[in-house]
Every structure is written in structure tokens, then in C-alpha cells.
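J.: got a structure for you, letters missing:
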């Protein structure tokens, strides 16, 4: 059965799309979908990478360790998006942030004019019950991209 996937997005001044990633192939596919939607509606794209800061006992400087994690995340993001953003002239921002996925999404959408949140189904399932709690509080539409779906699908 062939079906067309349509997404309607409200485009208001200063609005953006928030795509949440974890550097998996499923997240890359979700990012591709978010990029396509953002380009179609001429919206800014913010890519959020929430991560946990579980400090090992042998790390004396937490700020230095956090900086190292964020530099690695930025490098991973560059590798992940080399071909994805190659022909795009979009405005985008990458934000690695410490915290739980649901908290970071909720706080970001409360502080910014977010039109749509996009994430992979794998990432949604990883957050267990916290994801369901977030859904009850989230006031922004959410697009969950199935893990097996590619940007061409």
C-alpha cells in the first residue's frame, strides 16, 4: 500500500523546527526529514543532542570533561551531516546539552518558538516512561520518524 506522508507546519516569524538526535542512523534519517520540512517552510532548524553527564571517578575537572564531550559531539555532528547539509542553504544550529531527553525538549520548546519537534522512533522508545510523561506536557506538534524510514521515503 502506497501512502503519501504530508506534514502541515505553521510558519510564524522566528519559528523553528527542533530535531533531537543521538547520532544513530535512525536519528540521521529523522534529521533528514526535519531538514526537508524546514527547507520547505523556510524555517530555522535547531538540532538538539541531549546527553547525560555521568562523571567517572577519575575525572577531576567536570567542566573540562563536559567541554570534551561537546567537542566530540560537534565532530560527530559534522560527520553525520556532511552529505545531508551539503546542498542546503538553511539556517541551522547544533546544541549539545546536558540532561534527560524529555527535560531538554520540554525546556527548549517552552523558551523558543518551536513549530515542530522531530525525532526517531528509536530515540523515543529509549526514554521509556519519561517520553510518555513529556507527551502529556508538550504543547508542540511532534513528528516521530520510524527507524527504518530514509530521507527519500
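T.: Good, I have the coordinates. Computed from a predicted model, the values in this text were never measured in an experiment. Numbers count the residues shown, from 1 in each chain.
J.: which helix is the longest one in this protein?
T.: Counting residues, the longest helix found in the chain (DSSP state H) is helix 62-81.
J.: Buried by neighbour count: which residues of that helix qualify?
T.: By 16 or more other Cβ atoms under 10 Å, the buried positions in helix 62-81 come out as 66, 69-70, 73, 76-77, 80-81. Glycine gets a C-beta too; all of them are placed from N, C-alpha and C.
J.: Check stretch 39-55 too.
T.: In stretch 39-55, counting by 16+ other Cβ under 10 Å, buried: 41, 43-51.
J.: Was I right to think residue 52 contacts residue 100?
T.: Yes: using Cβ atoms under 8 Å, residue 52 is in contact with residue 100, at 7.5 Å.
J.: mind listing the strands for the chain?
T.: 16-20, 44-51, 92-98, 114-120, 142-145 (DSSP state E).
J.: Tabulate those strands (JSON lines), appending distance to residue 104.
T.: Formatted as JSON lines, these follow (distance: least, Cβ to Cβ, whole Å):
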{"stretch": "strand 16-20", "distance to residue 104": "8"}
{"stretch": "strand 44-51", "distance to residue 104": "4"}
{"stretch": "strand 92-98", "distance to residue 104": "5"}
{"stretch": "strand 114-120", "distance to residue 104": "11"}
{"stretch": "strand 142-145", "distance to residue 104": "14"}
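J.: Could you export the ones you listed as JSON lines, including mean pLDDT?
T.: Supplementary listing: these in JSON lines, determined by pLDDT from 0 to 100:
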{"stretch": "strand 16-20", "mean pLDDT": "97"}
{"stretch": "strand 44-51", "mean pLDDT": "96"}
{"stretch": "strand 92-98", "mean pLDDT": "95"}
{"stretch": "strand 114-120", "mean pLDDT": "97"}
{"stretch": "strand 142-145", "mean pLDDT": "96"}
